[in-house]
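# Give me the fold of what follows.
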Amino acid sequence: MSTVPSITLDNGVEIPQLGLGVWQVEDEIVADVVTTAFETGYRHIDTAAAYRNEAGVGRAIAASGLPRDELFITTKLQNSDQGYDSTLAAFDKSIDQLGLEYVDLYLIHWQCLKKDKYVDTWKAFEQLYADKRIRAIGVSNFHEPALRRIFEETTIRPAVNQIELHPALPQDGLRAFNAENDIITEAWSPLASGELIDNAALKTIGAKYGKSAAQVMIRWHLQLGNVVIPKSRTAARIKENFEVFDFRLDNDDMATIADLETGVRTGGDPDVFG
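This is a model prediction of the structure:
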């Protein structure tokens, strides 16, 4: 069994706080990458239809021999499939690619304000949840106005909001809103796409503990209460990112990291993207 701590979602489902993201990992190699993660101790894998690697993730799951109830598998609906009927069809395709009977978490990948289909999409998510084909439903890259509309026009609140989040973009306001509404914040691009790996302040903190800047950032996420899914395709980095449970940042460290905020994104702005 993995030793990664879990966070309990609002419906009682437990999500491992550290997982592996597989964005930009080609389907041809993703099975080997996920297998390395499983061997390291990861049990939470985050993929998406838009990544075009669900089949490879499925191959790794099938080959792992791990009990299904030990795994936490997330995938996401791609933007072009938003809408009620198209969401149901897209989910069937994703679950077939993964070779699973259910997924643990299904996310709307982007709010796509111009399409204005996320409410109907969410209603399809609610149906899939009612049919017990998904253990928890959530969103990705959603801001407060879209979340409030879901609250007002549907029945179930998202269990998770996966957003770009790292020391340069800590998203304090959105994290607070999520917390006030029992939504767990999950961080993508948790290492700022590598842009902070050589940051002097992070390296100085890491030197205190014999850790890298990347490990310091992952530890920062864990201590903030975020779910964090660093992406890597190399075995050494996958293992390094997992070795974050044998130290704890002190208050001075956390304050130093808070000073790194710049508001700069490494990915798209959800209010205009999609």
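# Could you look up the SS state of residue 75?
strand (DSSP: H, G, I helix; E, B strand; the rest coil).
# Which parts of this structure are helices?
27-40, 54-64, 84-98, 118-130, 144-153, 172-180, 200-209, 213-224, 235-242, 251-258 (DSSP state H).
# Show me what the fifth one is packed up against.
Think helix 144-153. helix 118-130, strand 137-140, helix 172-180 (3 or more CB pairs under 8 Å, 6 or more residues apart in numbering; DSSP states H and E). Just so you know, the C-beta spots here come from the backbone N, C-alpha and C atoms, and that holds for glycine as well.
# C-alpha coordinates for that helix, CSV please?
The C-alpha coordinates for helix 144-153 follow below in CSV (Å, rounded to 0.1, in the frame of the first residue of the first chain):
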residue,chain,number,x,y,z
GLU,A,144,-15.6,31.7,-9.1
PRO,A,145,-18.4,33.0,-11.4
ALA,A,146,-18.7,29.7,-13.3
LEU,A,147,-18.6,27.8,-10.0
ARG,A,148,-21.4,29.9,-8.6
ARG,A,149,-23.5,29.2,-11.7
ILE,A,150,-23.0,25.5,-11.2
PHE,A,151,-24.1,25.9,-7.6
GLU,A,152,-27.3,27.8,-8.6
GLU,A,153,-28.3,25.7,-11.6
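# buried residues in that helix?
146, 147, 149, 150 (16 or more other CB atoms under 10 Å).
# swap in the longest one?
Using 16+ other CB under 10 Å as the burial criterion, the residues of helix 84-98 that qualify are 86, 87, 88, 90, 91, 94, 95, 97, 98.
# low-scoring pLDDT stretches of this structure, where are they?
1-2 (pLDDT under 70).
# Swap in 90 and give it another go.
Scanning the chain for pLDDT under 90 picks out the ranges 1-3, 274.
# wait, what's in contact with residue 54?
47, 48, 75, 94, 97, 98 (CB atoms under 8 Å, 6 or more residues apart in numbering).
# Try it again at 7 Å.
47, 75, 94, 97, 98 (CB atoms under 7 Å, 6 or more residues apart in numbering).
# Quickly note the distance from residue 223 to residue 17.
Computed as CB to CB, to the nearest Å, the residue 223 to residue 17 distance reads 10 Å.
# again, but for residue 76
19 Å.
# cool, and residue 37?
15 Å.
# Looking only at neighbour counts, state which of these two leads.
Set residue 37 next to residue 17 and count neighbours by other CB atoms under 10 Å: residue 37 wins out with 24 against 20.
# Check the contact between that one and residue 235; I expect there is one.
No. Counting by CB atoms under 7 Å, residue 37 does not reach residue 235; the two are 9.2 Å apart.
# would you turn the contacts of residue 54 into JSON lines with distance to residue 270?
Shown next, in JSON lines, are the contacts of residue 54 (distance: CB to CB, whole Å):
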{"residue": "47", "distance to residue 270": "20"}
{"residue": "75", "distance to residue 270": "19"}
{"residue": "94", "distance to residue 270": "22"}
{"residue": "97", "distance to residue 270": "26"}
{"residue": "98", "distance to residue 270": "26"}
